[in-house]
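**Q** Provided below for reference: sequence and predicted model.
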Amino acid sequence: MTASGPSVDLRMVTVSATYGCRGTIVAVQLADHLGLPFADRLIPPRGSADVPIAEEGLTREERDQVRGRRLLDRLVLLAPGLNMPTPEAADLGDHLRDRAAASIRALVEQGGAVLLGRAGAVVLADHPGVLHVRLDGPEPRRIARACELEGIDETTARDRLVETDNARSRYVHRLYGRDPADASLYHLVVDATILSVEDIVDVLVLAAEAFWRQPR
């Protein structure tokens, strides 16, 4: 394929994943297999103690600032469900949308990445060279996966599923007016509860390479 501009050269995959689908693990391994940078989501699951990959290489002060913004963003998104007042929610929503859009534009300008979350399938809906993927599955199997992965009981996993899925859904709906469960947003929807991580990554690698071979 002959390059005629950044959009033709772009190699990018957006990954939307519900709780229990091992979205971070899949996206990180997919990026490694495709030789692309990995960009993580803004809303990690509740209870996650891992340092997001996007924070690696930052100073402690910079990391604290990032985490402070994440916490503020999370409170804005969760507040309605917790009956908390958010007098500046609209302004903060605009700020969050602008920040997320700027971060995604930077990934596009550098030639692509595997982007997890951030409503990437909405922001880059018709952008050439971007494959949009959704990882999902029935709630009982997602809960079972979460119990196995996080070493938690079923009740805890169910609570985290409800909170995390709702927060991510509100993020997309409040900032962009779209439902992340809408299959029309994606080129490929995978039941991530019936395949191993390795098999999911293999499927996505094949799909991405075939997608990028198509004329733009």
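**A** Happy to help now that I have it.

**Q** list the buried ones in the lengthiest helix in the chain?
**A** With secondary structure taken from DSSP state H, the chain has its longest helix at helix 154-176. The neighbour-count check on helix 154-176 (16 or more other Cβ atoms under 10 Å) flags 156-158, 160-161, 163-165, 167-172, 174-176 as buried. The way it works is simple: take the backbone N, C-alpha and C, and place the C-beta from them, glycine included.

**Q** helices or strands up against it?
**A** Counting contacts by 3 or more Cβ pairs under 8 Å, 6 or more residues apart in numbering; DSSP states H and E, helix 154-176 packs against helix 60-78, helix 89-109, helix 120-123, helix 139-150.

**Q** distance of Ala101 from Asp202?
**A** Separation of Ala101 from Asp202 (Cβ to Cβ, to the nearest Å): 32 Å.

**Q** Any regions of the protein where pLDDT drops low?
**A** For the chain, applying pLDDT under 70 flags the ranges 1-8, 42-93.

**Q** quick one on the thing from earlier: tell me which helix or strand comes right after the longest helix of the chain.
**A** Where DSSP states H and E defines the elements, the next helix or strand beyond helix 154-176 is strand 188-191.

**Q** Show residues contacting the helix or strand following that following strand.
**A** Downstream of strand 188-191, the first helix or strand assigned by DSSP H and E is helix 197-213. Contact with helix 197-213 is made by 1, 11, 13, 22, 25-26, 29-30, 33-34, 129, 131, 133, 135, 187-188, 190, 192, 195, as judged by Cβ atoms under 8 Å, 6 or more residues apart in numbering.

**Q** For helix 197-213, buried residues please.
**A** For helix 197-213, a neighbour-count test (16+ other Cβ under 10 Å) marks Ile200, Val201, Leu204, Ala207, Ala208, Phe211, Trp212 as buried.

**Q** ditto for stretch 120-128
**A** Buried positions in stretch 120-128, judged by neighbour count with 16+ other Cβ under 10 Å: Gly120, Ala121, Val122, Val123, Leu124, Pro128.

**Q** Got phi/psi on Arg118?
**A** Arg118 adopts backbone torsions of phi 60, psi 20, taken as degrees, to the nearest 10.

**Q** thought Pro128 was touching Leu10?
**A** Yes - if you go by Cβ atoms under 8 Å, Pro128 and Leu10 touch, sitting 6.6 Å apart.

**Q** Kindly provide the distance from the residue nearest the centre of the chain to Pro180.
**A** By Cα atoms, centre = their mean, the chain has its centre lying nearest to Gly117, at 1.6 Å. Using Cβ to Cβ, one gets 9 Å for the distance from Gly117 to Pro180.

**Q** can you check Arg141 too?
**A** 19 Å.

**Q** Look at the two and report which has more neighbours.
**A** Pro180 (23 against 15; other Cβ atoms under 10 Å).

**Q** residues in contact with the more buried one?
**A** Ser16, Ala119, Ala121, Val122, Arg134, Arg168, Ser169, Val172, His173.

**Q** what two of these are the furthest from one another?
**A** The distance between the two most remote of these (Cβ to Cβ) is 15.7 Å, for Arg134 and His173.
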